[in-house]
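**Student:** structure, please.
(chains A, B, C and D)
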Number of protein chains: 2
Amino acid sequence: METFPRQGCSWKNRTVTSERGSATIKDVAAAAGVGIATVSRVFSGTGAVSERTRERVLAAARELDYRPSALGRGLRLRRSGGIGLVVPDVTDPFCAGLIDGVLACARSLGEHLVLDAAHGDPAREAEIVDRLVEQRLAGVIALPAASGSGAAWRAAVRSGARVVFADRALPGLHELPAVLADDRSGVRTLVEYLVGLGHRRIAFLGAAAPGAAAGVRERAFRDTLAELGVAADEDLIVSARPARDSAYAAAAGLLQRRTDVTAVLAAGHLLGEAAVLVARELDLRVPADVSIAMVDDVPWAELCDPPLTVVARPARDIGYRACEMLLRDRPLRAARPVLLPTELVIRGSCGPPRSPRTASSRAAGR
Amino acid sequence: METFPRQGCSWKNRTVTSERGSATIKDVAAAAGVGIATVSRVFSGTGAVSERTRERVLAAARELDYRPSALGRGLRLRRSGGIGLVVPDVTDPFCAGLIDGVLACARSLGEHLVLDAAHGDPAREAEIVDRLVEQRLAGVIALPAASGSGAAWRAAVRSGARVVFADRALPGLHELPAVLADDRSGVRTLVEYLVGLGHRRIAFLGAAAPGAAAGVRERAFRDTLAELGVAADEDLIVSARPARDSAYAAAAGLLQRRTDVTAVLAAGHLLGEAAVLVARELDLRVPADVSIAMVDDVPWAELCDPPLTVVARPARDIGYRACEMLLRDRPLRAARPVLLPTELVIRGSCGPPRSPRTASSRAAGR
DNA sequence: CCCTCCGATGGAAACGTTTCCAGCCCATGC
DNA sequence: GCATGGGCTGGAAACGTTTCCATCGGAGGG
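**Tutor:** Modelled structure (predicted):
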């Protein structure tokens, strides 16, 4: 077994090649004394090669540290393999879970993953999409920017890319397949739970969305409240941009302005974080003074004191399913979005409301 | 502006091509009535093209939704561009930060990122490396598996890959460049801080490492203690595999066995999480009964009650610098590892020890 | 007017692979 | 002994791009 340095490798006619770039199929063929077609057959597994020859080729390849070039193969085969993934932010736990799922599926199907983050900027997203299309990948999965027009995605599809949306479908692009969490039923479950505990003045901390995109959760909130016969207080429905400062400001404004809210439903983990922080700042005990629940399960929800009750959304599964759909369905059929179930995880941050004045009939147990 | 469906595009001789695969440079050349060389010049920006021709070409390209193929270009140019990144786990906040840094640098230098997770399995890691080498990327950044032999990395370098290690250098591979956090000085600072508060019986929750790899933090712990004239108690130095259950078991065993420890130094966020959980389970007040500090800053450290004092390691910077080194230094020089500074973030989880019996002289102020 | 030079352009080779096709050798069957 | 056939093998084309080189037309200087 040879040791490290890259000099010292001076085979017959490979001295020059070895200095710049790696060994090619030709080098191996020459070293093994066979034709390039034979080497190709050995490595691609197709066709018949005698055992003797195969071993000679393998030995030569090992000697030269040869690895077939995905570029050559991709060009010839007209497909590079690999799938693209565009998310808003890699460090977001939800995105990370999604990436993990895509990675798991891609790996099991022998594809690699090209990742990029658009940070919510449609221009950047468009640029990324362009670059991904150039790579001639097997397909692209995207958690698109909420504010984008979707024009970039349309163009990508026109020039031959296969696209699946994950976790968010773009307003104007319902003709593209999507895998989503069933937020509607998740929020509904959570509202039912809170109302069941006796809460009537429930605040909703939502994400500001330019279009009607993220409005699903807010709409589910209103609808469920209406179904349960609880009047929605418009003043208790606030929204923030998806950033820490904005979320904090919204939560602080809300809890300071309305000291009568008994529960806060945060529509995302950033908003939940803000609610927890503000409650602590205001010396509100959770859940004695105010109950807090949020959409999205993240590691800190369990570490919190008290641990946070959440609606867990299956980030990993969404990624996995999106990838599966991308690679299996051919051609890609839009149909209607695949909805994956959410799960209410009851921990310790929700309890009966502080002043059970209004909670007369059904809740208020214990 | 055309609308969506991919049929309907029937240019002169492109009907067949449009059905399978995307437009090529030849299609554009034919459509614009120029040679392929001219089209290439327009898109690669090199060479002189008259304004009139350029516009004709651009118009034809737009009409055909043409995007140059990275495969063809890569083959011709002998480089695919793009950099590879191998981490243990995408969902780990530290890894996520590192990925984010690499992404930022790669993007600013116009490269894309191929990501994969090895989950600590050297075999899987070797497989990933092979695949990355086949892609003929501009280079590969790795946070390698602690238990690997490094043989895969050696082979990769031999067959022409450029490799930079991030956050961890492999025992036998000091000839490869690396960007690391200055864990030694980070742990030292933390120990000095704890001892300064008056702690003498400080437990060390470390990560079990097969080689001497992760031993840096433990060694720094022992050394600093020695320098400060505090005797190290071997029974207080325990280690766990990098998994939640193992970390929890180690922390629980430690805190139950030795009720006299006044501070716990967790050498990683998983271990810190375990310490927090166990302390809560055992009804130990933090920091009144026991102080807890850990290496690695993660979002929940701030959300915790009390917020956790930590040594923040610059995950993002490590990624950024590694990427920069990979793309700028040519040839790649190993030199000695680049060490990036850590920062002690004092929050609320450390205080003076419970029974100040032993803390006589210098600490115990306030 | 002719020579030169320069800007614009197209043809063709090369990059590393897969695969079709043809050729070779040997064994088998007549 | 020769034809047939099958298992192996090598040559060559093709994939989509960049780039070297040659060509061409026109402008400018002698």
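**Student:** which residues touch whichever residue of the stretch 251-366 of chain A sits closest to chain B?
**Tutor:** Proximity of the stretch 251-366 of chain A to chain B (CB to the nearest CB) peaks at A:W300, 3.1 Å away. No exception for glycine: its C-beta is placed from N, CA and C like everyone else's. By CB atoms under 8 Å, 6 or more residues apart in numbering or on different chains, the contact list for A:W300 reads A:273, B:298-300, B:303-304.
**Student:** just the buried ones among these, please.
**Tutor:** Buried members of the contacts of A:W300, scored by 16 or more other CB atoms under 10 Å in any protein chain shown, are A:273, B:298-300, B:303-304.
**Student:** show me which of the residues you listed is closest to A:E227.
**Tutor:** A:E273 (29.1 Å; CB to CB).
**Student:** give me the nearest residue to that closest one, chain neighbours excluded.
**Tutor:** B:L303 (6.3 Å; CB to CB, 6 or more residues apart in numbering or on different chains).
**Student:** the one you found reaches A:C304, doesn't it?
**Tutor:** Yes - with contacts counted by CB atoms under 8 Å, B:L303 reaches A:C304, the gap being 5.8 Å.
**Student:** please list all residues in contact with the closest residue to A:D260 other than its chain neighbours.
**Tutor:** The shortest distance from A:D260 to any residue other than its chain neighbours is 5.6 Å, reached at A:R201 (CB to CB, 6+ apart). The neighbours of A:R201, taking CB under 8 Å, 6+ apart as the test, are A:233, A:236, A:258, A:260-263, A:353, A:358.
**Student:** can you say which of those residues are buried?
**Tutor:** Neighbour counting with 16+ other CB under 10 Å marks A:233, A:236, A:261-263, A:353 as buried within those.
**Student:** between B:L303 and A:C304, what contacts are shared?
**Tutor:** In contact with both B:L303 and A:C304: A:V276, using CB under 8 Å, 6+ apart.
**Student:** list the contacts of the residue of chain A found nearest DNA strand D.
**Tutor:** Per CB to the nearest atom of the strand, A:G35 is where chain A lies closest to DNA strand D, at 2.8 Å. Residues near A:G35 by CB under 8 Å, 6+ apart: A:A29.
**Student:** now the buried ones among the contacts of A:R201 as CSV including pLDDT, distance to chain B and secondary structure?
**Tutor:** Output for the buried ones among the contacts of A:R201, formatted as CSV (pLDDT from 0 to 100; distance: CB to the nearest CB, whole Å; DSSP: H, G, I helix; E, B strand; the rest coil):
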residue, pLDDT, distance to chain B, secondary structure
A:D233, 89, 28, coil
A:L236, 92, 24, helix
A:V261, 92, 21, coil
A:T262, 93, 21, coil
A:A263, 95, 19, strand
A:P353, 87, 22, coil
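**Student:** ok, A:I141 touching A:C105?
**Tutor:** No - the pair A:I141 / A:C105 is not scored as a contact, 9.8 Å apart, by CB under 8 Å.
**Student:** mutual contacts of the two, please.
**Tutor:** Jointly contacting A:I141 and A:C105 under the rule CB under 8 Å, 6+ apart are A:319, A:323.
**Student:** could you look up the SS state of the residue of the stretch 251-366 of chain A closest to chain B?
**Tutor:** Secondary structure for A:W300, judged by DSSP: H, G, I helix; E, B strand; the rest coil, is helix.
**Student:** with adjacent residues omitted, what lies nearest to it?
**Tutor:** Once flanking residues are discounted, A:W300 sits nearest to B:W300: 3.1 Å by CB to CB, 6+ apart.
**Student:** where along the stretch 51-200 of chain A do the helices fall?
**Tutor:** Ranges of helices in the stretch 51-200 of chain A, per DSSP state H, counting those that start in this stretch, are A:51-64, A:70-77, A:93-108, A:122-134, A:151-158, A:183-197.
**Student:** and the buried ones among the contacts of A:W300, which is closest to A:A161?
**Tutor:** A:A161 has its nearest neighbour among the buried ones among the contacts of A:W300 in B:P299, at 34.1 Å by CB to CB.
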